[in-house]
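K.L.:
predicted model and sequence below, questions to follow.
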2 protein chains.
Amino acid sequence: MSDSAQDTALQDSRTLADRVFSRLQDDIVLGALPPGTKLGETELAARYGVSRGPLREAIRRLESRKLLERVPHVGTRVASLKASDLIEIYRVREALEGMAARLAAENMTDDDVASLRELLSRHEQQQDLKEDTAYFQREGDLDFHYRIIQGSHNRTLIDLLIGEIYHLVRMYRYQFSMTANRPQKALAEHRRIIEAIESRDGEMAELLMRRHISRARENIEANNP
Amino acid sequence: MSDSAQDTALQDSRTLADRVFSRLQDDIVLGALPPGTKLGETELAARYGVSRGPLREAIRRLESRKLLERVPHVGTRVASLKASDLIEIYRVREALEGMAARLAAENMTDDDVASLRELLSRHEQQQDLKEDTAYFQREGDLDFHYRIIQGSHNRTLIDLLIGEIYHLVRMYRYQFSMTANRPQKALAEHRRIIEAIESRDGEMAELLMRRHISRARENIEANNP
DNA sequence: CAAGGCTGGATTGTTGACAATCCAGCCTTG
DNA sequence: CAAGGCTGGATTGTCAACAATCCAGCCTTG
């Protein structure tokens, strides 16, 4: 098995720069390239087996997404992030995901809602088994939020949250190895949000989602003096 | 005077790709390159006097900002936008600028607030002179919103709105040659928002800003069946 | 005459080489 | 011995040529 040329073969459709973009983004978000790492273009080009041209295109895109910091004529490094940045992001999440919840309550299909309710049930069962570990809950939490965002049926909003914001959130989670330390409460909040969506109460869904994210932010603020 | 090499000389600091990025973005937003225009790389490279390398980096960044649509192996064209897209964007603006107004009420310095109040006075005077024309008001409207966004003191929020959203809004305005057709009402709404900020009432500022943008959206929806 | 395949031209994707810029470390100098 | 300038090496920025892909229009064929 040739180390990593395998996955490259799978996604043969897109262009080289696109694949490098995806792989680099994964390596950054998942922590293979820790924050602050200096990224030499020649070195990276060799690592991914491409020339510097496509690599630079990928770098420019990741720079737009705030995953890389670049200084002209000096170099680019993996964005290293302060807790205050994460708090800023949570303010944005509060606004955007609140709107997403409102629109989801208005626009989700009945099937979508049923499927979401079923997802919650699975989470509650997992919760019974392993009380506070909440490892799966962490990714499950993302699943839950992803579904509601998609349910807004607002392409602009979806692209902003999934494409621009959530990569940063996930990177922070890995970086600070943030374990959701209030899983039962979060789960209860999820349940109330779903109830609001089920009754097609957009205003209530928005209110509850904003509280939900606001509390997560307060939790972060408390743990990062 | 050499046509446009002038402005290029002014901003000599940044890299070539950065300058091409700015110029191309202006040409798109201001309408020099109308929506749907096919952008040949060779042709563009000649037009801006650069090679295709930096040009492609600029294109990738503009693609991230939704100003260009690219199809691999086929080409890139200026994003051509439907009214439904603009409505989606206004939902996002409602959420984000609502939050910005809340944070501005909490975080703006007293000097910022005073300066904002003064800006409003200028707009009201202009309004007295030319009743409904509202040409300056249109750009003045942007000024007003820019100030409040900056006043949030939330770098993430500012970059999102100024860097990603507002270019699209401005492009739409030029494309549809949208003239704000309710300037007095808009101005009155601006005044009430400022009053909320002056009294440091974040909740009220957010509520009023959301209504303000929501009404603009309804106005668009009414005029685009 | 319509439908489908094919070919030539043009455009995009990629590459490796060349030029400009920066910086660490040495050397000079007060 | 500290401060400041300089140089060599390395890295980034830019370019022009080469390869891969696509598509419009022609030609063949039923």
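P.N.:
Perfect, thanks for sending it. Numbering: from 1, shown residues only, chains lettered A, B, ... in the order given.

K.L.:
residue A:113: neighbouring residues, count only.
P.N.:
By the criterion of other CB atoms under 10 Å in any protein chain shown, residue A:113 has 18 neighbours. Every C-beta, even on glycine, is put in place using the N, C-alpha and C of the backbone.

K.L.:
try residue A:114
P.N.:
Burial measure for residue A:114: 12 neighbouring residues, criterion other CB under 10 Å.

K.L.:
do the same with the one 4 residues further on
P.N.:
Counted with other CB under 10 Å, the neighbours of residue A:118 add up to 10.

K.L.:
what separation do you get for it and residue B:54?
P.N.:
Counting by CB to CB, to the nearest Å, the gap between residue A:118 and residue B:54 amounts to 50 Å.

K.L.:
residue A:219 and residue A:185, how far apart?
P.N.:
As for residue A:219, its distance to residue A:185 is 10 Å (criterion: CB to CB).

K.L.:
contacts for the helix or strand where residue A:27 lies?
P.N.:
Residue A:27 belongs to helix A:16-29 when assigned by DSSP states H and E. Taking contacts as CB atoms under 8 Å, 6 or more residues apart in numbering or on different chains, the residues outside helix A:16-29 that touch it are A:7-8, A:11, A:32-33, A:44, A:48, A:50, A:53-55, A:57-59, A:61-62, A:65, A:67-68, A:78-79, A:167, A:170-171, A:174, B:60, B:72.

K.L.:
stretch A:186-205 now?
P.N.:
A:101-106, A:108, A:113, A:116-117, A:120, A:123-124, A:127, A:137, A:141, A:144, A:148, A:151, A:180, A:208-209, A:211-212, A:215-216.

K.L.:
buried ones in that stretch?
P.N.:
Going by neighbour count (16 or more other CB atoms under 10 Å in any protein chain shown), the buried part of stretch A:186-205 is A:186-187, A:189-194, A:196-198, A:201-202, A:204-205.

K.L.:
now do the contacts for the closest residue to residue A:73 other than its chain neighbours.
P.N.:
Setting aside the residues directly before and after it, residue A:73 is nearest to residue B:15 in space (CB to CB, 6 or more residues apart in numbering or on different chains), at 7.6 Å. The contact partners of residue B:15, by CB under 8 Å, 6+ apart, come to A:72-73, B:54.

K.L.:
dump those residues into TSV; add secondary structure and pLDDT as well.
P.N.:
As requested, the contacts of residue B:15 are exported to TSV (DSSP: H, G, I helix; E, B strand; the rest coil; pLDDT from 0 to 100):
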residue	secondary structure	pLDDT
A:72	coil	92
A:73	coil	91
B:54	helix	94
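
K.L.:
continuing past the helix holding residue A:27, what's the next helix or strand?
P.N.:
From helix A:16-29, the next helix or strand downstream (DSSP H and E) is strand A:38-39.

K.L.:
could you measure from residue A:76 over to residue A:55?
P.N.:
For residue A:76, the distance to residue A:55 under the criterion CB to CB works out to 10 Å.

K.L.:
just residue A:106 next, same as before
P.N.:
Counting by CB to CB, the gap from residue A:106 to residue A:55 is 43 Å.

K.L.:
neighbour-wise, which of the two wins?
P.N.:
Neighbours per residue, other CB under 10 Å: of residue A:106 and residue A:55, the larger number sits with residue A:55, 23 against 15.

K.L.:
restricting to the buried residues of stretch A:186-205, which residues neighbour DNA strand C?
P.N.:
With CB under 7 Å from any atom of the strand as the criterion, those include none near DNA strand C.

K.L.:
filter those residues down to the ones in strands?
P.N.:
The subset of these located in strands under the criterion DSSP state E is empty.

K.L.:
and stretch A:166-175, which residues are buried?
P.N.:
Of the residues in stretch A:166-175, those buried under the neighbour-count criterion (16+ other CB under 10 Å) are A:166-173.

K.L.:
ok, it near chain B or not?
P.N.:
No. Looking at stretch A:166-175 against chain B by CB under 8 Å from any CB of the partner chain, there are no contacts, and the closest approach is 8.6 Å.

K.L.:
need the contact partners of that stretch.
P.N.:
By CB under 8 Å, 6+ apart, the surrounding residues in contact with stretch A:166-175 are A:25, A:28-31, A:34-35, A:65-67, A:79, A:81, A:86, A:89, A:93, A:138, A:142, A:146, A:178.

K.L.:
for that stretch, list the C-alpha coordinates in PDB.
P.N.:
Provided in PDB are the C-alpha atoms of stretch A:166-175 (Å, rounded to 0.1, in the frame of the first residue of the first chain):
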ATOM      1  CA  TYR A 166     -16.700  25.200  11.800                       C
ATOM      2  CA  HIS A 167     -13.200  24.300  10.600                       C
ATOM      3  CA  LEU A 168     -12.000  26.800  13.100                       C
ATOM      4  CA  VAL A 169     -14.200  25.400  15.900                       C
ATOM      5  CA  ARG A 170     -13.000  21.900  15.200                       C
ATOM      6  CA  MET A 171      -9.400  23.000  15.200                       C
ATOM      7  CA  TYR A 172      -9.800  24.700  18.600                       C
ATOM      8  CA  ARG A 173     -11.400  21.600  20.000                       C
ATOM      9  CA  TYR A 174      -8.400  19.500  19.000                       C
ATOM     10  CA  GLN A 175      -5.900  22.200  20.100                       C
END
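
K.L.:
from the chain's centre, how far out does it sit?
P.N.:
6 Å (CA atoms, centre = their mean, to the nearest Å).

K.L.:
do the same with stretch A:49-62
P.N.:
23 Å.

K.L.:
would you indicate which residues of it are buried?
P.N.:
Counting neighbours by 16+ other CB under 10 Å, stretch A:49-62 gives A:50, A:54-62 as buried.

K.L.:
contacting residues around residue A:66?
P.N.:
With CB under 8 Å, 6+ apart, residue A:66 has these contacts: A:79, A:164, A:168, B:159.

K.L.:
buried ones among these?
P.N.:
A:79, A:164, A:168.

K.L.:
excluding chain neighbours, what is closest to the second one?
P.N.:
Spelled out, it's residue A:164. residue A:65 (6.0 Å).

K.L.:
isn't the one you found right next to residue A:160, touching?
P.N.:
No. In terms of CB atoms under 8 Å, residue A:65 does not count as a neighbour of residue A:160; the distance is 11.2 Å.

K.L.:
okay, these two: which has more neighbours?
P.N.:
residue A:160 (24 against 17).
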